[in-house]
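Student: Next come a sequence and a model predicted from it.
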Amino acid sequence: MDYDYIENLCMNCFEALTEGSVCAKCGFDNDKVQDMTYIPLRTVLSDRYIVGNSISVESDAITYLGWDSESRQVVTIREFFPKGIVNRLEGNCYVHIRERYKKSFTGYKQSFMKLWLAIKDMNSLSAVIPVIDVFEENETAYAVSRRIKTVSLHDFLLRNTDNNILWNKARLMFMPILTTLENLHANGIIHGGITPDNLVLCSDGKVRLAGFCISECNQENTELEFNETPGYTALEQYSNSHKICPATDVYAFSACLYRALVGANPPDARARQMNDKLMIPNRIAEKIPPHVIRALGGGLQIYPEKRIQDIDDFRELLNASPSVVANSAEIPKNESEAKTNSEAAKPPAKDEKKKKLSPNKVLLIIIAVLLVITAGVYAYVFANNSAGGEDTTDNAAAATVTVPDFCTAGYTESDIENIGSWNAQFAISYEYEYSTETEEGIIFKQSLTAGEEVEEGSSIVLTVSKGIETQEVPDVGGLSQEDATKVLEDKGFSVSVVEVYNNGAYQEYSVKSNNGMTPAAGTVAAKGETIIIQVYGEYKEETTAEETTTAESE
């Protein structure tokens with residue numbers, strides 16, 4: 001191995017160092033002292049992989065950037081390093097296992113190896129980030145994968161109108177994941193942590209499943225840190241009598257699909273034990289095919305034994321086989337509630353054959369209908385002739401309701417949709433606005449004032465925060481002060497000008513080209529933030545005063 005070549009590589013972007021230890025491309029200081037938790041920079045693993053900068057610490061592992069000296073490509077190195085169970089002595093690559101956990105550590109490490117070897121065997125599947133190598137070293141285990149640029153489903157959805165996508169697009173993104181899950185389950189592996197952050201869109205156009213960790217991390221009350229994501233973590237992953245099974249992944253996958261189609265997170269599984277209904281706004285439900293709503297109902301059953309049990313059955317529902325289409329056709333297009341009781345995933349009962357009516361029964365029905373019509377006509381005539389023809393019917397007073405305070409408690413759209421009484425009392429719709437003061441996803445404005453008395457069924461618009469609106473700071477270096485100010489203000493920024501000395505080499509009232517902006521050009525800043533620009537002032541030629549002598553008067 002060419003160690004001189006390695007010494008000249010940046011351990012963050014793996015470009016050649018040209019200006020000492022600080023990388024000219026990414027700014028990483030390659031001489032910085034690593035925290036003792038991490039493997040020292042430039043450590044060589046398996047006589048092939050060079051360890052670079054750490055990028056994340058999870059329940060069961062530390063993930064590093066790395067360099068494959070054989071293929072000369074950037075890779076991702078995942079080191080089995082369960083929190084609280086192991087540590088590392090300063091400057092030492094070996095993992096030190098705490099005495100009380102030595103026995104359990106061995107079992108956890110075997111689970112880690114089994115997981116990543118199984119994923120390596122599935123490299124041919126489109127929804128897997130290819131695993132290059134799995135090996136043991138330094139008393140622990142490592143998994144090396146290809147480094148692929150990705151965008152999480154969570155971030156992707158935030159860029160879409162209403163934070164959601166239509167089924168025809170979601171279908172292309174989600175369906176390949178099911179084959180990967182099916183293969184995992186066949187190998188006895190439950191992912192257990194499928195979330196919008198772990199479904200990633202890759203630079204090659206494929207959607208892949210990430211976020212793998214050993215199963216003990218996805219269960220409450222184990223020795224390892226619990227990976228909980230409310231809304232996506234299934235009920236059986238919490239401390240209870242229900243067992244984790246393939247249906248656990250069906251639940252999380254269904255929750256991700258719900259998020260993509262509806263534009264809001266499903267409610268927490270434990271909260272749903274009290275109210276097991278998933279509400280879908282009419283404006284959204286009418287865009288989702290009925291058989292998909294039915295699949296969501298079956299996949300998001302709160303109890304695992306009532307849920308769709310395997311991926312193949314779930315795929316059949318989503319693919320809309322002929323039998324599924326026939327059954328789901330009975331669901332109204334504007335259905336606003338995805339039922340999640342045990343009937344949701346079952347096909348509707350077939351209509352009983354109509355019994356043939358006898359002639360006598362037909363005659364009796366006709367006579368009864370005529371009597372009803374006659375009575376109705378008589379009542380109408382009597383009502384109009386009585387009291388001089390005046391209408392004496394009392395009009396029933398319209399029911400009134402008090403407008404709740406939707407804003408103060410920090411409700412989300414999902415919270416509101418799961419409170420049935422409010423949805424029965426009001427016609428609720430949503431708008432989405434950026435806010436510098438309210439966290440993303442929280443309702444912060446309502447069209448009707450809290451405490452106001454209004455008619456039942458009144459329309460109310462709730463405004464959901466899209467978080468802080470950001471914008472990349474444009475480079476205005478070299479522009480005139482006037483032009484630079486216009487460019488920045490057009491992007492939504494405020495501008496503050498600081499005048500700097502001009503030695504005559506620069507255009508007066510032009511923006512300094514190098515390091516002349518704060519925040520710097522190319523960084524992302526909140527709209528409305530003040531950008532400070534340094535502007536060269538007027539050039540003033542320095543003059544030396546002439547020496548003069550004044551004769552004193554006698």
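Tutor: In hand now; what should we look at?
Student: what's the neighbour count on Thr523?
Tutor: 11 (other C-beta atoms under 10 Å). C-beta here means a position set from N, CA and C on the backbone, and glycine is covered the same way.
Student: Could you pull up the contacting residues of the closest residue to it other than its chain neighbours?
Tutor: With sequence-adjacent residues excluded and distances taken as C-beta to C-beta, 6 or more residues apart in numbering, Thr523 is closest to Val473, at 5.3 Å. When contacts are counted by C-beta atoms under 8 Å, 6 or more residues apart in numbering, Val473 touches 488, 491, 493, 517, 519-525, 531.
Student: Select from the residues you listed every entry located in helices.
Tutor: Leu488 (DSSP state H).
Student: Just give me how far stretch 153-170 sits from the chain centre.
Tutor: The chain centre lies 10 Å from the centre of stretch 153-170; the measure is C-alpha atoms, centre = their mean, to the nearest Å.
Student: how about the host helix or strand of Ile443: buried residues?
Tutor: For Ile443, the host element (DSSP states H and E) is strand 443-446. Using 16 or more other C-beta atoms under 10 Å as the test for burial, strand 443-446 gives 443-444, 446.
Student: which secondary structure elements does that strand contact?
Tutor: In terms of contact count using 3 or more C-beta pairs under 8 Å, 6 or more residues apart in numbering; DSSP states H and E, strand 443-446 is assigned the packing partners strand 459-465.
Student: Which residues belonging to the strand it packs on are considered buried?
Tutor: Going by neighbour count (16+ other C-beta under 10 Å), the buried part of strand 459-465 is 460, 462-465.
Student: mean confidence for the very next helix or strand once past it?
Tutor: Using DSSP H and E, the helix or strand that directly follows strand 459-465 along the chain is strand 470-472. For strand 470-472, mean pLDDT rounds to 86.
Student: quick one on the thing from earlier: quick one: which of the contacts of Val473 is nearest Val57?
Tutor: Comparing these against Val57 with C-beta to C-beta picks out Val524 as the nearest, at 24.3 Å.
Student: can you list the contacts of Val473 in TSV and add distance to Glu316?
Tutor: As requested, these are arranged in TSV below (distance: C-beta to C-beta, whole Å):
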residue	distance to Glu316
Leu488	55
Lys491	49
Phe493	52
Met517	57
Pro519	52
Ala520	53
Ala521	53
Gly522	49
Thr523	49
Val524	44
Ala525	49
Ile531	55
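Student: can you map out the strands along the stretch 151-300 of the chain?
Tutor: Here the stretch 151-300 of the chain has its strands, by DSSP state E, counting those that start in this stretch, at 199-202, 207-209, 278-279.
Student: So which of those strands is the most surrounded?
Tutor: Of all the strands of the stretch 151-300 of the chain, strand 278-279 carries the top mean neighbour count, a mean of 24, counting by mean count of other C-beta atoms under 10 Å.
Student: elements contacting it?
Tutor: Packing partners of strand 278-279 (3+ C-beta pairs under 8 Å, 6+ apart): strand 337-338.
Student: Would you confirm that Ser496 contacts Val535?
Tutor: No: judged on C-beta atoms under 8 Å, Ser496 makes no contact with Val535 at a distance of 10.5 Å.
Student: what number of residues lie near Ser126?
Tutor: Quick note: Ser126 (other C-beta under 10 Å) scores 14 neighbours.
Student: My guess is it contacts Leu209. True?
Tutor: No: with contact defined as C-beta under 8 Å, Ser126 does not reach Leu209; the gap is 10.3 Å.
Student: what are the ranges of the helices in the stretch 151-300 of the chain?
Tutor: Using DSSP state H, counting those that start in this stretch, the helices of the stretch 151-300 of the chain run over 153-158, 167-186, 246-262, 282-285, 290-299.
Student: Give the other helices and strands that the fourth one contacts.
Tutor: Secondary structure elements in contact with helix 282-285, counted by 3+ C-beta pairs under 8 Å, 6+ apart, are absent; no helix or strand qualifies.
Student: Let me know the average pLDDT across that helix.
Tutor: Across helix 282-285, pLDDT averages out at 87.
Student: same deal with the first one?
Tutor: The average of the pLDDT scores along helix 153-158 is 94.
Student: Would you mind pulling the contact partners of that helix?
Tutor: 163-165, 173, 195-197, 199-201, 207, 256, 259-260, 263, 466.
Student: Likewise for the longest one?
Tutor: Counting by C-beta under 8 Å, 6+ apart, helix 167-186 makes contact with 118, 122, 125-128, 153, 165, 190-191, 199, 201, 206-207, 209, 246, 249, 253, 256-257, 260-261, 287-289, 292, 310-312, 314-315, 318-319, all of which sit outside it.
Student: List only buried entries from these.
Tutor: Neighbour-count burial (16+ other C-beta under 10 Å) applied to those gives 118, 122, 125, 127-128, 153, 165, 190-191, 199, 201, 206-207, 209, 246, 249, 253, 256-257, 260-261, 288-289, 292, 311, 314-315, 318.
Student: contacting residues around Ala427?
Tutor: Here Ala427 is in contact with 457-460 (criterion: C-beta under 8 Å, 6+ apart).
Student: Who is it paired with across the strands?
Tutor: Applying DSSP bridges to Ala427 gives these bridge partners: Ser459.
Student: Next: the one 5 residues further on.
Tutor: On DSSP bridges, the residues paired with Tyr432 through beta bridges are Val464.
Student: how close does it sit to Gly478?
Tutor: Distance from Tyr432 to Gly478, counting by C-beta to C-beta, to the nearest Å: 38 Å.
Student: Could you do Leu300 as well?
Tutor: Computed as C-beta to C-beta, the Leu300 to Gly478 distance reads 56 Å.
Student: Compare those two (neighbour count), which wins?
Tutor: Leu300 (27 against 15).
Student: I figured the more buried one hits Tyr258, correct?
Tutor: Yes: at 6.8 Å, Leu300 counts as touching Tyr258 under the criterion of C-beta under 8 Å.
Student: Sketch out the low-pLDDT regions of the stretch 351-500 of the chain for me.
Tutor: The stretch 351-500 of the chain contains residues with pLDDT under 70 at 351-398, 409, 418.
Student: show me where it has strands.
Tutor: Counting by DSSP E, counting those that start in this stretch, one finds strands in the stretch 351-500 of the chain at the ranges 400-402, 427-433, 443-446, 453-455, 459-465, 470-472, 494-500.
Student: buried residues in the first one?
Tutor: Meaning strand 400-402. For strand 400-402, a neighbour-count test (16+ other C-beta under 10 Å) marks Val401 as buried.
Student: Provide a list of residues in contact with Arg315.
Tutor: Applying C-beta under 8 Å, 6+ apart, the residues near Arg315 are 175, 178.
Student: Helix, strand or coil: sort out it for me.
Tutor: helix (DSSP: H, G, I helix; E, B strand; the rest coil).
Student: how close does it sit to Arg171?
Tutor: Going from Arg315 to Arg171 by C-beta to C-beta gives 11 Å.
Student: Ok, Gln34 next?
Tutor: From Gln34 across to Arg171, the span is 45 Å (C-beta to C-beta).
Student: ditto for Cys217
Tutor: Applying C-beta to C-beta, the value for Cys217 to Arg171 is 30 Å.
Student: Tell me which of the two has more neighbours.
Tutor: The neighbour comparison of Cys217 against Arg171 (other C-beta under 10 Å) goes to Cys217, with 22 against 16.
Student: Name the SS class of the nearest residue to the more buried one once chain neighbours are set aside, please.
Tutor: Nearest residue to Cys217, sequence neighbours excluded (C-beta to C-beta, 6+ apart): Ser59, at 3.9 Å. Here Ser59 is coil, with the state taken from three-state DSSP.
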